[in-house]
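Asker: kindly return the folded structure for what I paste below:
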Amino acid sequence: MFDTSTLTGSKPEQYGQLLAQARALVHGERDRIANAANLSALVYHALPHLNWVGFYFFDGKELVVGPFQGLPACVRIPLDKGVCGAAASQRVTQRIEDVDAFPGHIACDSASRSELVVPLVHNGGLVGVFDLDSPSLARFDAEDQAGLEAIAAVFVEALG
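Answerer: Here you go, the predicted model:
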């Protein structure tokens with residue numbers, strides 16, 4: 001049985017604790033669906049001011065929704081649309097303070113105000129993206145980005 005613990009200390013210390021929990025959660029498991037489901041739940045319940053946390057997987061043509069926590073989501077996202085598409089096509093984390101100001105933003109949940117999307121790349125190939133939405137403007141800063149990129153890396157490393 002996996003036990004989460006309350007995060008304490010500074011934001012970097014909290015992300016260190018969350019990273020340790022993420023590593024423990026995926027240890028010895030290679031199934032991407034199982035790991036995506038558990039990491040989505042872990043992050044969604046550990047961090048404040050989030051309304052959606054999940055994974056989209058690249059099917060060779062577009063992003064397809066995978067395991068997540070939050071309201072029902074857009075099922076398919078073309079690589080030339082939205083924050084997720086930008087992260088996937090550019091393979092660069094997108095940290096958007098105000099999604100309404102992002103050209104081509106896809107509003108799956110109208111309550112979302114800010115978003116952070118980390119591309120998932122394994123052996124040079126696009127696997128998908130790790131997507132977090134918040135109902136708060138400018139919810140994500142550089143410390144959040146670094147912490148969430150580290151958690152995304154745990155997911156990718158577990159792929160083998």
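
Asker: and residue 1, what pLDDT?
Answerer: Predicted confidence (pLDDT) for residue 1: 61.

Asker: sketch out the low-pLDDT regions of the chain for me.
Answerer: Residues of the chain that meet the criterion pLDDT under 70 lie in 1-2.

Asker: quick one, strands of it?
Answerer: 52-58, 62-70, 76-78, 94-96, 114-122, 125-134 (DSSP state E).

Asker: of those, which approaches residue 104 most closely?
Answerer: Checking the strands of the chain against residue 104 by C-beta to C-beta gives strand 76-78 as the closest, at 9.8 Å. For the C-beta atoms, the positions are set from N, CA and C on the backbone; glycine is no exception.

Asker: how far off centre is that closest one?
Answerer: Computed by C-alpha atoms, centre = their mean, to the nearest Å, the separation of strand 76-78 from the middle of its chain amounts to 16 Å.

Asker: equivalent analysis for stretch 74-86, please.
Answerer: Relative to the centre of its chain, stretch 74-86 is centred 14 Å away, using C-alpha atoms, centre = their mean.

Asker: what values do phi and psi take at residue 73?
Answerer: phi -120, psi 170 (degrees, to the nearest 10).

Asker: quick one: contacts for it?
Answerer: 52, 54, 65, 108-109 (C-beta atoms under 8 Å, 6 or more residues apart in numbering).

Asker: let's see it at 7 Å
Answerer: 52, 54, 65, 108 (C-beta atoms under 7 Å, 6 or more residues apart in numbering).

Asker: for the second one, name its beta-bridge partners.
Answerer: With DSSP bridges as the criterion, residue 54 is bridged to residue 68, residue 131.

Asker: what is the neighbour count of it?
Answerer: 23 (other C-beta atoms under 10 Å).

Asker: one more: residue 24?
Answerer: Neighbours of residue 24 (other C-beta under 10 Å): 14.

Asker: next one: it from residue 39, what distance?
Answerer: Distance, residue 24 to residue 39, using C-beta to C-beta, to the nearest Å: 11 Å.
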